[in-house]
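Colleague: missing the sequence, but the structure's below:
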């Protein structure tokens, strides 16, 4: 299956299905002799794994990563890093009812038409379980970027119609992000979001939301001016995540309501800008200011309600969700967004180094 690799120099290739024996991947381009904190990699996986709170899917997976190559005495060797994560808690019979029926707004129909052999158990290759592999690569990238004083921070800023106010955006408490199951940096709004998600789950339904990500310490010059623009690669990375429906950086869609005289980022004497409507990227290249963007996620397509559908023969059919599913993906999407951002930034950093050398 094509499309299982991402990146140019720092490159991740993933394999595995939701209900197969394991998922895993190969990471190429990791600089040699870098000391990795393996516990920190596992911590990042724990932030993404199912069953971590009452408002996410209750599938119980340890998501313990096993490294197979590319690391010796705790340091990278420069060779490909191979890794694997066992699937421990499959309940494949939860999906027997959709063996020949397509779930609305899922990948079922398109996969069947494209490949003519669909693994219907948990969505197979189309399952968000694959994103655990991205978190492994992203955790490694984060550690390397951190050594260069580049920091990536994601959080939930909206669930349904509940979103952080302008006042809250100016008084964010990053220390609170990991202290609540929604991963929102405002206690009051986090509680409202959690209550909404609980109610939606009780109704057998799902709800969407947005993840905001901020990257600081990025040097000037990452990105290329035409097709490999930094924001374009970030957009590609984010829109490759399951359930992602929108990407905006800087002023985003709000910028259409502004005039150029308001939107232009005037320069300070040191080269920084007074405002940052550009979101740290101008002409597709980082300008040294903080990079910030938002990713919109749709409501999860699996709902515990009966829906109209069709079967493989084109006959009308009814389908409803069974098993364990997220009523809202954004709490678990935060470490995935951060990981994909880290992969993109490190890849461009290595590309810059290769060009200079």
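Modeller: Now that the structure is in, tell me what you want to look at. Nothing here was measured: the structure is a model prediction, and the numbers come from that model.

Colleague: hey, let's count contacts and neighbours off CA atoms from now on
Modeller: Will do.

Colleague: so where do the helices sit in the stretch 101-250 of the chain?
Modeller: Applying DSSP state H, counting those that start in this stretch to the stretch 101-250 of the chain gives helices spanning 108-115, 131-146, 166-170, 187-202, 230-239.

Colleague: quick one: buried residues of the shortest one?
Modeller: Using 16 or more other Cα atoms under 10 Å as the burial criterion, none of the residues of helix 166-170 qualify.

Colleague: Residues in contact with it: which ones?
Modeller: Here helix 166-170 makes contact (Cα atoms under 8 Å, 6 or more residues apart in numbering) with residue 186.

Colleague: and that helix, average pLDDT?
Modeller: The average pLDDT within helix 166-170 is 93.

Colleague: Ok, the last one next?
Modeller: Across helix 230-239, pLDDT averages out at 98.

Colleague: about what we covered before: with distance to residue 329 added, can I get the helices of the stretch 101-250 of the chain in JSON lines?
Modeller: Below are these laid out as JSON lines (distance: least, Cα to Cα, whole Å):
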{"stretch": "helix 108-115", "distance to residue 329": "19"}
{"stretch": "helix 131-146", "distance to residue 329": "12"}
{"stretch": "helix 166-170", "distance to residue 329": "22"}
{"stretch": "helix 187-202", "distance to residue 329": "10"}
{"stretch": "helix 230-239", "distance to residue 329": "14"}
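
Colleague: among these, which is the most enclosed?
Modeller: When the helices of the stretch 101-250 of the chain are scored by mean count of other Cα atoms under 10 Å, the highest mean neighbour count falls to helix 131-146 (a mean of 24).

Colleague: who are the neighbours of that one, in terms of helices and strands?
Modeller: Packed against helix 131-146 by the contact rule (3 or more Cα pairs under 8 Å, 6 or more residues apart in numbering; DSSP states H and E) you find strand 11-16, strand 22-28, helix 38-48, strand 151-159, helix 330-356.

Colleague: mean confidence for the third one?
Modeller: Put plainly, it is helix 38-48. The average pLDDT within helix 38-48 is 96.

Colleague: for that helix, packing partners?
Modeller: So helix 38-48, by 3+ Cα pairs under 8 Å, 6+ apart, packs with helix 131-146, helix 330-356.

Colleague: quick one, which of the helices of the stretch 101-250 of the chain is nearest to residue 307?
Modeller: helix 108-115 (14.6 Å; Cα to Cα).

Colleague: Pull the residues that contact the closest one.
Modeller: With Cα under 8 Å, 6+ apart as the test, helix 108-115 has contacts from 102, 103, 117, 118, 120, 123.

Colleague: Including pLDDT, neighbour count and distance to residue 153, could these go into a markdown table?
Modeller: Conversion of these to a markdown table gives the following (pLDDT from 0 to 100; neighbours: other Cα atoms under 10 Å; distance: Cα to Cα, whole Å):
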| residue | pLDDT | neighbour count | distance to residue 153 |
| --- | --- | --- | --- |
| 102 | 85 | 24 | 37 |
| 103 | 86 | 22 | 34 |
| 117 | 83 | 9 | 39 |
| 118 | 80 | 20 | 36 |
| 120 | 78 | 25 | 35 |
| 123 | 76 | 19 | 30 |
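
Colleague: Using TSV, lay out these together with distance to residue 87.
Modeller: Below are these laid out as TSV (distance: Cα to Cα, whole Å):
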residue	distance to residue 87
102	24
103	23
117	21
118	19
120	16
123	14
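
Colleague: of the helices and strands packed on helix 131-146, which approaches residue 201 most closely?
Modeller: Distance to residue 201, taken as Cα to Cα, is lowest for strand 151-159 among the helices and strands packed on helix 131-146, at 13.4 Å.

Colleague: Disregarding flanking residues, what is the spatial nearest neighbour of residue 226?
Modeller: In space, and not counting its chain neighbours, residue 226 is closest to residue 284: 7.3 Å by Cα to Cα, 6 or more residues apart in numbering.

Colleague: That's all I had, so thanks and see you.
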